[in-house]
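Asks: no sequence on this one, just coordinates:
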């Protein structure tokens with residue numbers, strides 16, 4: 001029986017696509033290599049969002065070539081698309097997939113006749129990702145992704161619904177709808193059609209809420225302009241099915257920086273969309289991404305970002321010091337911010353993020369939370385950790401629990417960046 005080893009860097013979409021390839025190959029007789037076993041085939045799914053992603057991808061390929069000297073290494077993902085010649089020069093690389101639409105052809109070359117339309121699980125995870133869309137065409141000045149995933153492609157709703165039903169039947173209690181540009185689900189179908197016939201993310205989500213099964217659904221990252229009244233209305237009408245949490249990517253709170261980033265809104269419009277969510281849902285969690293040290297960012301611009309972050313009261317902030325990506329407009333801008341300044345701002349914003357998270361978690365004290373148990377914790381494994389519907393990490397006693405189940409708890413305390421369930 002041939003042995004397979006898979007490795008993934010980057011986003012939820014990459015993790016989904018690796019699982020898709022893994023399941024397809026296992027269906028024809030491959031099995032995942034265990035421990036120090038040497039694999040016959042290695043699949044590497046790479047990332048190129050940052051320079052660090054490139055470096056980690058190269059390191060991973062070299063390590064797999066060293067520990068699996070006779071393996072055929074197939075490399076896919078955004079780094080492979082952006083720099084196929086660099087990837088081809090790495091040891092052990094036998095094939096490069098530069099377009100994920102080629103995956104059925106790749107699987108066919110390995111002998112997969114019945115190419116699946118989705119996945120039935122996600123190795124090592126209690127929450128399942130479902131890719132509903134691919135591609136982005138926005139061309140923000142800092143982002144390389146539209147160059148490596150430029151084609152919008154939405155999956156048919158029936159295919160998505162069948163996959164979610166299958167995952168729920170197999171015991172997955174949280175389904176995360178994800179895409180390269182999730183809010184553009186259906187956009188390519190709508191061109192030239194009357195608005196009344198458009199297909200949108202809100203329509204897909206509403207159909208998901210009507211499926212049978214004991215599961216909840218969460219949306220992954222979305223842009224502010226795509227937080228529509230229709231989408232929020234579906235969330236508000238289904239509080240037990242749709243998690244009261246949105247990850248709305250802000251990137252900066254400075255209108256001047258947002259224009260240089262070529263984003264599609266100003267700070268006021270962003271805040272207004274957040275207020276729409278907060279007004280319609282019960283204490284929703286709002287998380288975000290913020291880039292610090294974008295070219296030309298002044299102390300005043302950074303102060304604006306901190307002010308808007310506090311105004312929105314984010315539950316979680318992912319802080320990224322600006323990383324120039326070759327061939328993007330931002331990489332060519334002359335007023336690059338010095339690394340020490342970027343690092344200092346990142347530390348300051350991280351400290352603010354910690355305070356805002358703590359404040360949000362404390363606002364939930366005394367309230368019921370639905371928690372999905374995901375891992376054992378503590379030296380004696382006497383406690384378990386889980387993710388609440390509002391995306392807050394929760395610790396509770398392990399007795400009577402099992403991984404992958406829902407538990408209803410009351411938020412009792414906040415400690416060390418997590419909620420502790422009341423005894």
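Replies: Noted; the coordinates are in hand. Keep in mind it's a predicted model, so treat the numbers as computed, not measured. Numbering: from 1, shown residues only.
Asks: okay, CA-based contacts and neighbour counts for the rest of this
Replies: Noted.
Asks: If you count neighbours, what's buried in stretch 349-364?
Replies: 349-350, 352-358, 360-362, 364 (16 or more other C-alpha atoms under 10 Å).
Asks: Which of those residues sits closest to residue 416?
Replies: If you rank the buried residues of stretch 349-364 by distance to residue 416 using C-alpha to C-alpha, residue 358 comes first, at 9.0 Å.
Asks: Hmm, residue 413 and that closest one touching each other?
Replies: No: at 10.5 Å, residue 358 does not count as touching residue 413 under the criterion of C-alpha atoms under 8 Å.
Asks: what bits of the protein have low per-residue confidence?
Replies: Applying pLDDT under 70 to the chain flags no residue at all.
Asks: Show me how it divides into domains.
Replies: Split into domains by automatic domain parsing, the chain comes to 3-109, 127-363, 368-421.
Asks: Reformat those domains as CSV; add distance to residue 115.
Replies: Shown next, in CSV, are those (distance: least, C-alpha to C-alpha, whole Å):
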stretch, distance to residue 115
domain 3-109, 6
domain 127-363, 13
domain 368-421, 28
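Asks: Of these, give the one that comes closest to residue 121.
Replies: domain 127-363 (6.2 Å).
Asks: now do the same end-to-end measure for the closest one.
Replies: From its first residue to its last, domain 127-363 covers 25 Å (C-alpha to C-alpha, to the nearest Å).
Asks: So which of the buried residues of stretch 349-364 belong to helices?
Replies: 349-350, 352-358, 360-362 (DSSP state H).
Asks: Specify the local secondary structure of the residue lying closest to residue 232 once chain neighbours are set aside.
Replies: Closest residue in space to residue 232, ignoring its immediate chain neighbours: residue 277 at 6.4 Å, by C-alpha to C-alpha, 6 or more residues apart in numbering. Of the three states, residue 277 takes helix according to DSSP: H, G, I helix; E, B strand; the rest coil.
Asks: and if you look at residue 263?
Replies: coil.
Asks: Now do the contacts for it.
Replies: By C-alpha atoms under 8 Å, 6 or more residues apart in numbering, the contact set of residue 263 is residue 140.
Asks: What separation do you get for it and residue 329?
Replies: From residue 263 over to residue 329 (counting by C-alpha to C-alpha), the distance is 13 Å.
Asks: can you check residue 238 too?
Replies: When residue 238 is compared with residue 329 (using C-alpha to C-alpha), they lie 42 Å apart.
Asks: hang on, the residue nearest to residue 232 packs against residue 233?
Replies: No: the pair residue 277 / residue 233 is not scored as a contact, 9.2 Å apart, by C-alpha under 8 Å.
Asks: the more surrounded of the two?
Replies: residue 277 (25 against 15; other C-alpha atoms under 10 Å).
Asks: Quick check: closest non-adjacent residue to residue 157.
Replies: residue 204 (6.6 Å).
Asks: Help me confirm that residue 366 is found in a strand?
Replies: No: judged by three-state DSSP, residue 366 forms no part of a strand; its state is coil.
Asks: what number of residues lie near it?
Replies: Around residue 366 there are 14 residues (other C-alpha under 10 Å).
Asks: go on, residue 243?
Replies: Residue 243 has 24 nearby residues by other C-alpha under 10 Å.
Asks: any idea how far it is from residue 400?
Replies: For residue 243, the distance to residue 400 - C-alpha to C-alpha - is 24 Å.
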